Every structure is written in C-alpha cells, then in structure tokens.
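**Q** here you go, sequence then predicted model.
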Amino acid sequence: MVAVSCPPPPTNNNVLLFQSCNKPANFYEAIPVIGLSDPDAASLIVRASQDFGFFKLVNHGVPMELITTLENEAVKYFGKPQSDKDRAGPPDPFGYGNKRIGWNGDVGWIEYLLLNLNPEIISPNTQFILNHYPHAFCSAVEKYVSEMRKLSYEVLELMADGLGIEERNTFSRYLRDEKSDCLFRLNHYPPCSEVEAPLGCVKNLMGFGEHTDPQLISLLRSNNTSGLQICLRDGTWVSVPSDNTSFFINIGDTLQVMTNGRFKSVKHRVLADTSSSRVSMIYFGGPPLREKIAPLGSVMEEEEEKLYKEFTWCEYKKAMYKSRLSDNRLAPFYKAAAQSDSE
Ligand SMILES: C=C1C[C@]23C[C@@]1(O)CC[C@H]2[C@@]12CC[C@H](O)[C@@](C)(C(=O)O1)[C@H]2[C@@H]3C(=O)O
Ligand SMILES: O=C(O)CCC(=O)C(=O)O
Ligand SMILES: [Fe+2]
C-alpha cells in the first residue's frame, strides 16, 4: 500500500473539467491468464489478442524485487513537494505531468512521469531527469526497462508462433531495432475521496480517459489498487482485478494494423479509487520513426484485402499529437473502400 499525498481537488477558479462515469463495473473474472512458458502459450496469446486485445501474463520471470524497488522509488518520487516535481515539466511531451494528458484538453485525476527511450529524440525534460534524479531512481528504471524490452520480444515472438509465421521476429524486430521508439510511463492516481458529488455519494472520477495505445504492445504493471477497465467487443466496460505480481498486456494500434485487424487494439481507461493510490508502470513498445507500418503479407490469407493504407510511424505520431485521447487515431489510415464498407 502506498501513502502519497493528494493534489488539491478542483476548485471554482480551476478550469480543469474532470469527467466522471456512472457506475463502477463489476470485476471481470474472464480475462485470459497466460503463463509465459505454458506449452500452449502461443495459441492462447493469439486467441486473447483477437478476442480481447488484452491478457494477463503470469510466470513472466521478471524478479519481484526489481519491480518492488521501482515501485518504492516511484512512491518516493510522487511524494516529493510539488515544486520539485514541476522541475521536470510541463511535458515536452515527456517529463512530469499533472492532471493534463497530452496537449489537446484531456485531463485526469493523475500525475505522471513519461520517459522517452528513443535515442533519436531529444527531450529536455528526459535529459533533466537523467541528470538530476537520484541514482537509485534512474538505476531502478533502467533495470526495469531492460526486463520489459526482453519480455516484449518474448511475447511478440510467441504471437508470431501462434499465427503460424515462420519468421519469429516478424513483430519483435521493430522493437529489437536500436532506433525503436519506446516509452516508459509511471502513473500515480491519488485517492479521490474528498471529491464529493452533490448528494454526498463519491463520484467515479476519471483517472485516465478512454483510449487505445498507439504502439505495438504495452506491458502494464500496477500496485494492488484497482481502477483499470477495458472495453469488451460488445462495448461493455469491465473492471480488471488488480494483481501486483503479473503484467497486463495491451495490443496497440500498430499491431492491429500489422495483423490487418486480426488483433484488436483494446480500449481502456482508469477510474480513480476513493480510498487508495494507484501506481502503475507501463512500457510502450513502438517501432522506429521511419519504419513503414502496413498489414503484413505473412499474417494475411491469400486474396485478403488490406484494411489500412501504408504509413510511417512518424506520420502516425504527427497525427496522434493532434488528437484527443478518445479519438480513433487509425481513422485517417483506413483504406477508403474498407472504411465505407464499415459505415
Ligand atoms: C492526448 C494524448 C496523450 C497521448 C498523446 C495524445 O495526443 C494521444 C495519445 C496519448 C497516449 C495514450 C497512451 C500512452 O499513455 C501515451 C504516452 C501514448 O503514446 O499515446 C499517451 C500520450 C501522452 O500522454 O503523451
Ligand atoms: O495507469 C494505468 O493503469 C493505465 C494507463 C494507461 O492506459 C496509459 O498510460 O496509457
Ligand atoms: Fe493506455
């Protein structure tokens, strides 16, 4: 359990408008749980990526000590005075952010640290963090990220196996590339019990609004505070039971395109908890900036039509930074025919 002080609730002269949602959904117990070395892991991962775009990974081999060390460092960091944290912000788009997510008006009951792992992109805030943050913090991030890189390759290679693709590195090669555009994010959602609805019932404040992740895959780990919800294919939102010993794997937009829609980029969001802090750490695996993204022939059936136009990751990112969280960021990249079919 973490005890981190809350940011002040929004006041009348605070122009931030927080979204709330009506009712917390029940915990959904049918989320696929897959062990990394299960004999049928490859086919289970493919099924989960098609049906949910989401699954829980257990027996992943990442030492719990390394995870706990980073969580403790994150808790220490978010517990610092506001003026200290603000020195690494506002996001450029990396660095420390508080309530505002992105540049287009999204807000959430959250503070975060977003770090750029792509050596080609210079971020003054990321440089500031590397130069000024305690060695224990930077070393915990570095060790954790190095584990996430390995784990992301393993999961992507199992996906290729499960799809019956001969080249195991069909997806992982994008992240194995030294110019891969990966990110790391630490999120802190303070408890929101002091924000009361008029009738005295506590509102379900949005911590992080609904969105899909843009990259190939995201590896998410949180403490034992729930709040994460995913949207099922029938449109219902369900709550994911927290598990601080496992990873939750999200399929992102890029893998949806590469698999020509076979894998689903999962919509998800986070509701703030009324009594305890949520601390999450997410590794986002993205391709190199100049890499062309398109449905891969090796994944498609003969005669199958491509649903998406080819684009570079850089083109996608330009569009992404102009979008709101809940926008469908793949919309500009649907092939005209495929789009009008689905209308
Ligand atoms: C509103 C935004 C925040 C975001 C960039 C964007 O313009 C649209 C995508 C958002 C998102 C969601 C998943 C990840 O948390 C993130 C780092 C990403 O790659 O895309 C965030 C972006 C962000 O916080 O900068
Ligand atoms: O904090 C979480 O649990 C999820 C956050 C998320 O979806 C994101 O940072 O993209
Ligand atoms: Fe996300």
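**A** In hand now; what should we look at? Numbering: from 1, shown residues only. Ligands and ions are numbered 1, 2, ... in the order given.
**Q** need the contact list for the residue nearest to residue 228 when sequence neighbours are not counted.
**A** The shortest distance from residue 228 to any residue that is not its chain neighbour, by Cβ to Cβ, 6 or more residues apart in numbering, is 4.5 Å, and that residue is residue 240. All C-beta spots, glycine's among them, are computed from the backbone N, C-alpha and C. Taking Cβ atoms under 8 Å, 6 or more residues apart in numbering, we find residue 240 in contact with 27-28, 31, 226, 228-230, 248.
**Q** the residue of the stretch 51-200 of the chain found nearest ligand 1: neighbour count?
**A** Evaluated by Cβ to the nearest ligand atom, the stretch 51-200 of the chain has residue 102 as its residue closest to ligand 1, separated by 2.3 Å. By the measure other Cβ atoms under 10 Å, the count of residues near residue 102 is 18.
**Q** show me what from the stretch 51-200 of the chain comes close to ligand 1.
**A** Contact residues, the stretch 51-200 of the chain versus ligand 1 (Cβ under 6 Å from any ligand atom): 93, 101-102, 104, 106, 114, 183, 185.
**Q** want to throw these into CSV with pLDDT, secondary structure and distance to residue 320?
**A** Shown next, in CSV, are those (pLDDT from 0 to 100; DSSP: H, G, I helix; E, B strand; the rest coil; distance: Cβ to Cβ, whole Å):
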residue, pLDDT, secondary structure, distance to residue 320
93, 96, coil, 10
101, 97, strand, 13
102, 96, coil, 9
104, 96, coil, 10
106, 96, strand, 13
114, 98, strand, 14
183, 98, strand, 12
185, 98, strand, 15
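**Q** for ChimeraX, write a command that selects the buried ones of those.
**A** Buried subset of those, written as a ChimeraX selection, criterion 16 or more other Cβ atoms under 10 Å:
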select :93,101,102,106,114,183,185
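**Q** ok, the residues of the stretch 51-200 of the chain next to ligand 1 vs residue 327, which is closest?
**A** Nearest to residue 327 out of these is residue 104 (Cβ to Cβ; 8.8 Å).
**Q** from residue 165, how far off is the closest residue to that closest one other than its chain neighbours?
**A** Spatially, and ignoring its direct neighbours in sequence, residue 104 is nearest to residue 324 (5.1 Å; Cβ to Cβ, 6+ apart). In this structure, residue 324 and residue 165 are 35 Å apart, going by Cβ to Cβ, to the nearest Å.
**Q** got it, and residue 189?
**A** From residue 189 to residue 165 the distance is 38 Å (Cβ to Cβ).
**Q** ok, those two, which is more surrounded?
**A** Counted by other Cβ under 10 Å, residue 189 and residue 165 do not tie: residue 189 has more neighbours, with 28 against 16.
**Q** sorry, back to before: in a markdown table: the residues of the stretch 51-200 of the chain next to ligand 1, plus distance to residue 41.
**A** Formatted as a markdown table, those follow (distance: Cβ to Cβ, whole Å):
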| residue | distance to residue 41 |
| --- | --- |
| 93 | 35 |
| 101 | 33 |
| 102 | 35 |
| 104 | 39 |
| 106 | 35 |
| 114 | 30 |
| 183 | 26 |
| 185 | 26 |
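**Q** quick one: which of the residues of the stretch 51-200 of the chain next to ligand 1 is nearest residue 55?
**A** For these, the nearest to residue 55 is residue 185 (19.8 Å; Cβ to Cβ).
**Q** so what pairs up with that closest one in the strands?
**A** In this entry, residue 185 is beta-bridged to residue 114, residue 282, by DSSP bridges.
**Q** that one reaches residue 281, doesn't it?
**A** Yes. Contact criterion Cβ atoms under 8 Å: residue 185 and residue 281 qualify, at 7.1 Å.
**Q** before we move on, the earlier item: tell me the SS of the residue nearest to residue 104?
**A** Three-state call for residue 324 (DSSP: H, G, I helix; E, B strand; the rest coil): coil.
**Q** OK, contacts around it?
**A** Here residue 324 is in contact with 102, 104-106 (Cβ under 8 Å, 6+ apart).
**Q** measure it to residue 100 for me?
**A** Residue 324 is 12 Å from residue 100, by Cβ to Cβ.
**Q** and the longest helix for this protein?
**A** For the chain, the helix that runs over the most residues, judged by DSSP state H, is helix 135-162.
**Q** state the distance from the residue nearest to residue 228 to ligand 1.
**A** Using Cβ to the nearest ligand atom, to the nearest Å, residue 240 is found at 16 Å from ligand 1.
**Q** all the strands of the stretch 201-343 of the chain, residue numbers only.
**A** Using DSSP state E, counting those that start in this stretch, the strands of the stretch 201-343 of the chain run over 204-211, 217-222, 228-231, 237-239, 247-251, 268-271, 278-285, 292-293, 311-312.
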